[in-house]
Structures are given as C-alpha cells and as structure tokens.
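K.L.:
here is the input, now give the coordinates:
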Amino acid sequence: MKRLPRGSSIFAAMALCLCVVVNLRLFAEPSRPELTQPLARSKESPLVFARDIQPLFKAHCYRCHGADEQRAGYRLDQKDAAFRGGESGEAAIVRGDADNSPLIQYIRGDDPDFVMPPEGDRLTEAEVKRIVRWVDEGARWDE
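P.N.:
Numbers count the residues shown, from 1 in each chain. Down below sits the predicted model:
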C-alpha cells in the first residue's frame, strides 16, 4: 500500500469538509431551511395555573364570579364551574381553542358592548395574552 506524503491526509480531510459545507449551501432546498439555519431554541415552559393565571382571575374576576357572587351564574374560582360556564349553558373555556372560548372573547373585548370586567381595571394586553396562551396550551388547572 502506497503512503501519502506527510500532511496530505489533513489537507484531504479539510478539502472534504469544505466540499460538504459548500454542497449543503448550494443544494439546500428552499423549503428545507433547517439545512441552512441554526436549530430553533426550545419553546417557553407551559404556564402554571396557580402561579400565572389564578392571580389574574383573583384581581379582575372573582369580585363578580367568585365565592361571594356569581353574576350570570358563572363562577371562575372553581375548576368545574369555570369550564362549564354560566346561565348560557355554553362552555366558557374551550381547552386548546382560545378563539372559541367565550371567556377570552369577553376579556379581549371582541364585542365592545360586552367586555369583562365591565367595571374597574381591565386586564392589560400582556395579561390577556397570558390567559389566551394558557387556554391554547390546554388550560391545565393544577390545584
């Protein structure tokens, strides 16, 4: 077996690596950006009801939909009642589907004539987004 001159194997390995990189860049399909872009970072961790959502409900909702009062027959301080909804008979929270959850429609103000809460401070845009995200994540209610 014939030996290559000293140092030529390193040169050959570098040339091979360069060819591979150039080919990946030249022939990467536009529909496959993962071949030319860095890997995406992991998503945010899921929201926790007791830490991220319940304080918002306490601050903005329990006055009218808590233990002492349940306007429109809706109670938001108990899991089963919160999902079941009130007098309308319609589920208030649709797990995984914030856009079709009446609770979200009310706090977001989709209907300007029916906005929650009707009195006092409204939820901020960031607070609404947090509740929307919680519902879209499946509205886990860890007690």
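K.L.:
tell me how many other residues surround the nearest residue to Arg95 once chain neighbours are set aside.
P.N.:
Closest residue in space to Arg95, ignoring its immediate chain neighbours: Ala139 at 4.7 Å, by C-beta to C-beta, 6 or more residues apart in numbering. C-beta coordinates here come from the backbone N, C-alpha and C atoms, glycine included. Burial of Ala139 is recorded as 22 neighbouring residues (other C-beta atoms under 10 Å).
K.L.:
so Ala139 touches Ala92, yeah?
P.N.:
No: contact between Ala139 and Ala92 fails when scored by C-beta atoms under 8 Å: they sit 10.3 Å apart.
K.L.:
tell me, what's touching the two both at once?
P.N.:
Common contacts of Ala139 and Ala92 (C-beta atoms under 8 Å, 6 or more residues apart in numbering): Phe83.
K.L.:
now do the buried residues in the host helix or strand of Tyr106.
P.N.:
Using DSSP states H and E, Tyr106 sits within helix 102-108. Counting neighbours by 16 or more other C-beta atoms under 10 Å, one finds that the buried residues in helix 102-108 are 102-108.
K.L.:
kindly report the same for stretch 59-70.
P.N.:
Within stretch 59-70, the residues that qualify as buried are 60-62, 64-65, 70, counting by 16+ other C-beta under 10 Å.
K.L.:
quick one: which of these is nearest to Phe114?
P.N.:
Comparing these against Phe114 with C-beta to C-beta places Cys64 closest, at 13.5 Å.
K.L.:
tell me the contacts of the closest one?
P.N.:
Taking C-beta under 8 Å, 6+ apart, we find Cys64 in contact with 70-71, 117.
K.L.:
can you put these in CSV and add distance to Lys43?
P.N.:
Output for those, formatted as CSV (distance: C-beta to C-beta, whole Å):
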residue, distance to Lys43
Gln70, 36
Arg71, 36
Pro117, 31
